[in-house]
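> Need the 3D shape of this:
(2 chains)
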Amino acid sequence: MEIIRWTDILAYAVNIAVLFVFLRWLLYKPVRRFLAEREQRFAQRREDIEAREREIDTLRSKYEKALEVAHEESALIVQESREQADRRAEEILEEARRQARDLLERARAEMREEQQVSRQAMREEVAGLAIDIASRVLEREVTPEDNRRIVEKFLSDERVK
Amino acid sequence: MDGALITAAPMDAAAVARIEEKLSGQTGYPVKLIVEVDPALIAGFVVALGHHRYDYSARTQLMDIRKHLLNG
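Numbering: from 1, shown residues only, chains lettered A, B, ... in the order given. Okay, here's the model as predicted:
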């Protein structure tokens, strides 16, 4: 069994202390600097990431807004197109109704005219027939006395015309 | 002044003379009528004198009735 001598322990302690001081002197600041720089880089990176995320959020918001506006505009366009189509359909329908009315009125007018022509033709036929019958009756019935009366009427008229 | 007297049936000379006298008095000129018979007049007579026409025929009266019937 070895005897642990206090001088050895002391020497070891001194060595460790010296080593510690030396290493501290050698490495402490560089390591701290390194760690600080690394921390700074990480912070910068975090900041970049956050800035990028904020930018993304802003762009997303703008995009969603633009999409919403586009949806509203397209809905408006669709609505206007539908209304325009409805108006056009109504115009076409009204035009068709107007033409139908005109056609009906023309047909009625033609029918009235045809009725008028028929009535006139019938009237002419009836009048012609009546006069024809009257003529034949008169031809049979007229006497010389009738002719004499006509002459007397002519002679008695104050002014013949 | 010469004219024409168209009658539905033959007319005696006395009646023609009376008609001539009537027309002479009205126009102020002596009137001489040439007599023609046209049974189409049915009854009465028509006198054509210059630009004037005196229609006392039954046919014309029937035509007037026909015109009245057609025109309402």
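> Low-confidence stretches in chain A?
Scanning chain A for pLDDT under 70 picks out A:1-2, A:158-161.
> Please list the residues of it that sit near chain B.
A:120, A:123-124, A:126-128, A:130-131, A:134-135, A:138-139, A:142, A:144, A:146-148, A:150-151, A:153-155, A:159-161 (C-beta under 8 Å from any C-beta of the partner chain). For glycine as for every other residue, the C-beta is placed from the backbone atoms N, C-alpha and C.
> Could you list which of these belong to helices?
A:120, A:123-124, A:126-128, A:130-131, A:134-135, A:138-139, A:144, A:146-148, A:150-151, A:153-155 (DSSP state H).
> Drop anything exposed from the residues you listed.
A:127, A:131, A:134-135, A:138, A:146-147, A:150-151, A:154 (16 or more other C-beta atoms under 10 Å in any protein chain shown).
> which two in these are spaced the farthest apart?
Spatial extent of those (C-beta to C-beta) is set by the pair A:127 and A:151 at 28.7 Å.
> Pull up the gap between the residue nearest the centre of chain A and residue A:74, please.
By C-alpha atoms, centre = their mean, chain A has its centre lying nearest to residue A:81, at 1.7 Å. Remark: distance between residue A:81 and residue A:74 (C-beta to C-beta, to the nearest Å) = 10 Å.
> Likewise for residue A:156?
103 Å.
> count of neighbours near residue B:37?
Other residues within reach of residue B:37, judged by other C-beta atoms under 10 Å in any protein chain shown, total 13.
> Wait, a strand at residue B:46?
Yes: checked against DSSP: H, G, I helix; E, B strand; the rest coil, residue B:46 lies within a strand.
> before we move on, back to that, tell me which of the buried ones among the ones in helices among the residues of chain A next to chain B is nearest to residue A:4?
Out of those, the member with the shortest distance to residue A:4 (by C-beta to C-beta) is residue A:127, at 168.1 Å.
> Tell me where the chain has strands.
Answering for chain A, as no chain was given. For chain A, applying DSSP state E gives no strands.
> ah, I was thinking of chain B
B:2-7, B:32-37, B:44-49, B:52-57.
> Name the nearest residue to residue B:36, sequence neighbours excluded.
Leaving aside its sequence neighbours, residue B:36 sits nearest to residue B:6 (C-beta to C-beta, 6 or more residues apart in numbering or on different chains; 4.8 Å).
> Skipping adjacent residues, who's closest to residue A:154 in space?
Looking at residue A:154 with C-beta to C-beta, 6+ apart, the closest residue is residue B:56, at 5.2 Å.
> what sits against the nearest residue to residue B:29 once chain neighbours are set aside?
Of all residues not flanking residue B:29 in the chain, residue B:1 sits nearest, at 4.4 Å (C-beta to C-beta, 6+ apart). Counting by C-beta atoms under 8 Å, 6 or more residues apart in numbering or on different chains, residue B:1 touches B:27, B:29-32, B:49-50.
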